[in-house]
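**Student:** A structural model of the following input is requested.
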Amino acid sequence: MPPGGLFYEQKNADGAVIKKFSSTTMPMAMFCKEIAAMRKANNLPRPDIKEVFEDVDEAQCQRLNFDPEWCQKKTTGVFLPSRLLKSASAGVRLAAQSFANELRAAKTLLDWGEDGFKPVAQEVAQARSDVCMGRISGNPCPFNQDKKIDLNSPVASVILSHIESKNQMRLTVEGEDKLNICMICNCVLKLKVFVPLDTLTGRMDAATISKFQTEYPPCWMNKPATQTPAP
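**Tutor:** Numbers count the residues shown, from 1 in each chain. Here you go, the predicted structure:
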């Protein structure tokens, strides 16, 4: 949470403020969802949650005069907004590598969305999820873990918007409530099981791909011949 909390003024086409938003406790993702809903309801521009995040993020940095303790410039090639609020705490610095992995996973989801959310065949998605949660074998993958998602991160906004898109497309598998986070690649499994294999492996580094093979050989990531995409 930046100093003083989160603030945002929604303006109309003439530049007049039509609503003010503020909070000292609400997570960034929830704060942005309220603004996104207001924009959609009033047919205002940039209603997408990722666009709202960028606007809110930029507004905080402007308010803080781009204090380097809280704002940093965009990194080329990464999907982050133009200014990314950051914490100066040692805990966040120690978690940098984990966050980098989460960014890579979120970038994979973004690329899938740009491809039109084209899913694999339903039977492929179900077979994948069965491996993750051990629905048939009785042996769930040990890397299918209930890891909490930081709702303040830009990663969360991507995940939430893509889960919403998945639900609108009625993409689901039996036992979906037992799909959590893959601790090897940090992907949200209820989304990952629908993503084409080429999209997944094309965004992973060699070390991550190798870890699937060495740490959990039964993983469906290691069996491309059984994963025919949907027509």
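**Student:** care to break this protein down by domain?
**Tutor:** 6-88, 95-226 (automatic domain parsing).
**Student:** how about the secondary structure of Val195?
**Tutor:** coil (DSSP: H, G, I helix; E, B strand; the rest coil).
**Student:** isn't it right next to Val124, touching?
**Tutor:** No: under the criterion of CB atoms under 8 Å, Val195 makes no contact with Val124, lying 10.7 Å away. C-beta coordinates here come from the backbone N, C-alpha and C atoms, glycine included.
**Student:** and the two? which has more neighbours close in?
**Tutor:** Between Val195 and Val124, Val195 has the larger neighbour count (other CB atoms under 10 Å), namely 23 against 20.
**Student:** gap between the two ends of stretch 186-195?
**Tutor:** With CA to CA, to the nearest Å as the measure, stretch 186-195 spans 14 Å from end to end.
**Student:** same check on stretch 132-141?
**Tutor:** Start-to-end span of stretch 132-141 (CA to CA) is 5 Å.
**Student:** chain center to that stretch, what's the gap?
**Tutor:** Here the centre of mass of C-alpha atoms in stretch 132-141, compared against the chain's by CA atoms, centre = their mean, to the nearest Å, lies 25 Å away.
**Student:** what does that stretch contact?
**Tutor:** Outside stretch 132-141, the residues that touch it by CB atoms under 8 Å, 6 or more residues apart in numbering are 129-131, 144, 174-175, 178-179, 182, 189, 193, 216, 218-220.
**Student:** recalculate using a threshold of 7 Å.
**Tutor:** The contact list for stretch 132-141 (CB atoms under 7 Å, 6 or more residues apart in numbering) reads 130-131, 144, 175, 178-179, 189, 216, 219.
**Student:** which one of those residues is nearest Phe7?
**Tutor:** Closest approach to Phe7 among the contacts of stretch 132-141 (CB to CB): Leu189, at 35.8 Å.
**Student:** wait, that closest one sits on Lys178?
**Tutor:** No: judged on CB atoms under 7 Å, Leu189 makes no contact with Lys178 at a distance of 9.0 Å.
**Student:** more neighbours: which of the two?
**Tutor:** Leu189 (23 against 17).
**Student:** wait, what's in contact with the nearest residue to the more buried one once chain neighbours are set aside?
**Tutor:** With CB to CB, 6 or more residues apart in numbering as the measure, Leu179 is the residue that lies nearest to Leu189, at 3.9 Å, once sequence neighbours are left out. Residues near Leu179 by CB under 7 Å, 6+ apart: 129, 132-133, 144, 189-190, 193.
**Student:** pLDDT wise, what is Leu179 at?
**Tutor:** Here the pLDDT value assigned to Leu179 is 91.
**Student:** widest-spaced pair of the contacts of stretch 132-141?
**Tutor:** Maximum distance among those (CB to CB): 18.7 Å, for Gly175 and Tyr216.
**Student:** neighbour count winner among these two?
**Tutor:** Neighbours per residue (other CB under 10 Å) separate Gly175 from Tyr216, with Tyr216 holding more: 19 against 15.
**Student:** contact partners for the more buried one?
**Tutor:** 141, 143.
**Student:** surely Ser161 forms part of a helix?
**Tutor:** Yes: counting by three-state DSSP, Ser161 is part of a helix.
**Student:** residues near it, how many?
**Tutor:** Count around Ser161 with other CB under 10 Å applied: 20.
**Student:** same check, this time on Cys182
**Tutor:** Cys182 has 23 neighbours, counted by other CB under 10 Å.
**Student:** name the SS class of Val52, please.
**Tutor:** helix.
**Student:** surely it meets Glu34?
**Tutor:** No: using CB under 7 Å, Val52 is not in contact with Glu34, being 9.1 Å away.
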